[in-house]
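1. Give me a model of this one.
(one chain, ligands or ions: 1)
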Amino acid sequence: MDSNSNNFGDQFQNKSKYVRDDLPKHFLNWDTKPKTYKNYVNPIKIIHLSTPEFDEDLPFITNRQSLRTFSQEALDLEKISLLLFGISGITRSYPQFALRTVPSAGGLFPIETYSVINNVDGIDPGIYHHNIKDHVLECLKLGDYRIEAMKACLDQKMVYNSAITFVWTAIIERAKWKYLQRCYRYIYMDAGHVGQNFYLVAEALGLGACTIGAIYDNELNNLLEIDGVEETAIYVGVIGNKISII
Ligand SMILES: Cc1cc2nc3c(=O)[nH]c(=O)nc-3n(C[C@H](O)[C@H](O)[C@H](O)COP(=O)(O)O)c2cc1C
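-> Residues are numbered from 1 along each chain as shown. Next up is the predicted model:
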């Protein structure tokens, strides 16, 4: 961390971590919930818009939703390739840099993707890192990490039952090099783009998916063996086959 007092971004990142048994003491007062929608009472005029109808081959835009229960059928190997490519695949290469399926502030791409593989045909359960440049999975640890991953996500059961739990981390310096303390804003925006592509590709492939922001940050960092400062867990996405309703 910066030694001077202008490390407000680092402080935000560190102080907003969830720590087991030390969660913020806070209850929801529904009487004070802010209004969800804003409208102007006296606009100059109102333009009525046509009924939104997407092209038939874009149903994943309107059908996307968070699913938190999955069938225990294994996920196809090809689908993990499509998911990872949709999350951060390289689509345009130039001599000095390359651009991807997702946008990123300054084209700096601080987000990394780890996969806790639980139930994928042809891949042993374990923790893998997506090597984006070569589009391969690098195996870091073999074994069943469903319980540890679930615990690190505030004990949410969907993590235990997923075919894959993706963990998105940020390598802070990649963005801080240009944006200094403001980098944290862009890191979370970048992660949001990754998350949305994850949802849309999942829906396009007919899979169920949910993203997770409620994490015990350092439990997840420990699972991935990253230090939580230079590289830290930011966001999680669980995925699996949908439960078919017959
Ligand atoms: C940043 C973010 C964090 C989220 N974290 C969680 C979470 O920890 N647990 C959960 O069950 N859902 C989580 N969700 C899913 C939201 O609850 C869900 O998107 C919202 O209720 C709207 O429902 P929909 O996605 O089905 O449209 C998260 C979504 C976002 C965008």
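2. What values do phi and psi take at Y114?
-> Torsion angles at Y114 (phi, psi; degrees, to the nearest 10) stand at phi -110, psi 150.
3. Quick one: residues contacting it.
-> 127-130, 140, 166-169, 224 (Cβ atoms under 8 Å, 6 or more residues apart in numbering). (Each C-beta comes from the backbone N, C-alpha and C, glycine too.)
4. same thing but at 6 Å, please
-> Counting by Cβ atoms under 6 Å, 6 or more residues apart in numbering, Y114 makes contact with 129, 167, 224.
5. If you rank the residues you listed by neighbours, which is first?
-> In terms of neighbours by other Cβ atoms under 10 Å, the contacts of Y114 top out with V167 at 27 neighbours.
6. three-state assignment of that residue?
-> strand (DSSP: H, G, I helix; E, B strand; the rest coil).
7. So for it, what's the nearest residue that isn't a sequence neighbour?
-> Y114 (4.5 Å; Cβ to Cβ, 6 or more residues apart in numbering).
8. partners of the one you found in the sheet?
-> Taking DSSP bridges as the rule, Y114 bridges to H129, V167.
9. how many neighbours does R20 have?
-> Neighbour tally, R20, other Cβ under 10 Å: 12.
10. going forward can the numbers begin at 47, since that is how I track them
-> Noted, 47 is the first residue going forward, which turns the last one into R66.
11. Show the contacting residues for the closest residue to D190 other than its chain neighbours.
-> Closest residue to D190 apart from its sequence neighbours, by Cβ to Cβ, 6+ apart: P171 at 5.3 Å. The contact partners of P171, taken as Cβ under 6 Å, 6+ apart, are 163-164, 190.
12. now do L270
-> Y160.
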